[in-house]
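Peer 1: no sequence for this one, just the structure:
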């Protein structure tokens, strides 16, 4: 009798009940439509990270930054002015890229498993570059600590705290503070020769101008 009753009701369960609920990869809200998250307003079709080695990567940003160098800067990195507007803008872009990568390591919808090792290596390069440019290490550590449950970010935190990094030195620091004259290498002698030659040329031009 009961079976007959149920058969007459012709009960049907909506198949959507068994489907996996889609969530926003950024805020994990379920209130999303085809291309937008109604909670955080993110565009879900936007590729936050891009492909490894793409125009959004550290390698492209570094290449674009080097293009702003004078010829002398490209030959001798110690001439680089890390307080220039170009370098500060470069650091800002690097740190934004760093935060996007760190925030995505635990989001498979944003970063695929196959690309994760490449993005991990890129993040380490960004950290080393930021520290080289005297970017505050505390800000790097603070953002990594905001993801305490992510194993990759913990590895990056250990990398920051336990590694020795090269830091930028001015020509004065590199030559006159850190090295004795008999320990100068060939690059240092070339740099000193260029500086002296430039000063001599300027002095000659001034002499001819006022003579």
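Peer 2: Happy to help now that I have it. Everything numeric here is computed off the predicted structure, so don't read it as measured data. Numbers count the residues shown, from 1 in each chain.
Peer 1: where do the domain boundaries of the protein fall?
Peer 2: Domains of the chain are assigned by automatic domain parsing as 1-46, 58-162, 171-210.
Peer 1: not counting its own residues, what contacts stretch 103-114?
Peer 2: Contact with stretch 103-114 is made by 25-26, 48-49, 101, 116, 119-120, 147, 149-150, 152-153, as judged by Cβ atoms under 8 Å, 6 or more residues apart in numbering. Any C-beta I mention is one placed from the backbone N, CA and C, and that applies to glycine too.
Peer 1: mind checking which of those residues are buried?
Peer 2: Among the contacts of stretch 103-114, the ones that count as buried by 16 or more other Cβ atoms under 10 Å are 25, 26, 48, 49, 101, 116, 119, 120, 147, 150, 152, 153.
Peer 1: nearest to residue 208 among these?
Peer 2: residue 101 (55.6 Å; Cβ to Cβ).
Peer 1: my read is that the closest one contacts residue 126, right?
Peer 2: Yes: counting by Cβ atoms under 8 Å, residue 101 does reach residue 126; the two are 7.5 Å apart.
Peer 1: mind putting the domains of the chain in CSV, mean pLDDT included?
Peer 2: Output for the domains of the chain, formatted as CSV (pLDDT from 0 to 100):
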stretch, mean pLDDT
domain 1-46, 62
domain 58-162, 90
domain 171-210, 65
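Peer 1: buried deepest among those, which one?
Peer 2: domain 58-162 (a mean of 16; mean count of other Cβ atoms under 10 Å).
Peer 1: so how far is that one off the chain centroid?
Peer 2: Offset of domain 58-162 from its chain centre (Cα atoms, centre = their mean, to the nearest Å): 3 Å.
Peer 1: confirm residue 209 sits in a helix?
Peer 2: Yes: judged by DSSP: H, G, I helix; E, B strand; the rest coil, residue 209 forms part of a helix.
Peer 1: show me the contacts for it.
Peer 2: Applying Cβ under 8 Å, 6+ apart, no residues contact residue 209.
Peer 1: what's the spacing between it and residue 27?
Peer 2: 66 Å (Cβ to Cβ, to the nearest Å).
Peer 1: what of residue 201?
Peer 2: 60 Å.
Peer 1: likewise residue 193?
Peer 2: Taking Cβ to Cβ, one finds residue 193 at 58 Å from residue 27.
Peer 1: can you check residue 37 too?
Peer 2: Following Cβ to Cβ, the distance that separates residue 37 from residue 27 is 6 Å.
Peer 1: ok, now residue 202?
Peer 2: With Cβ to Cβ as the criterion, residue 202 and residue 27 are 59 Å apart.
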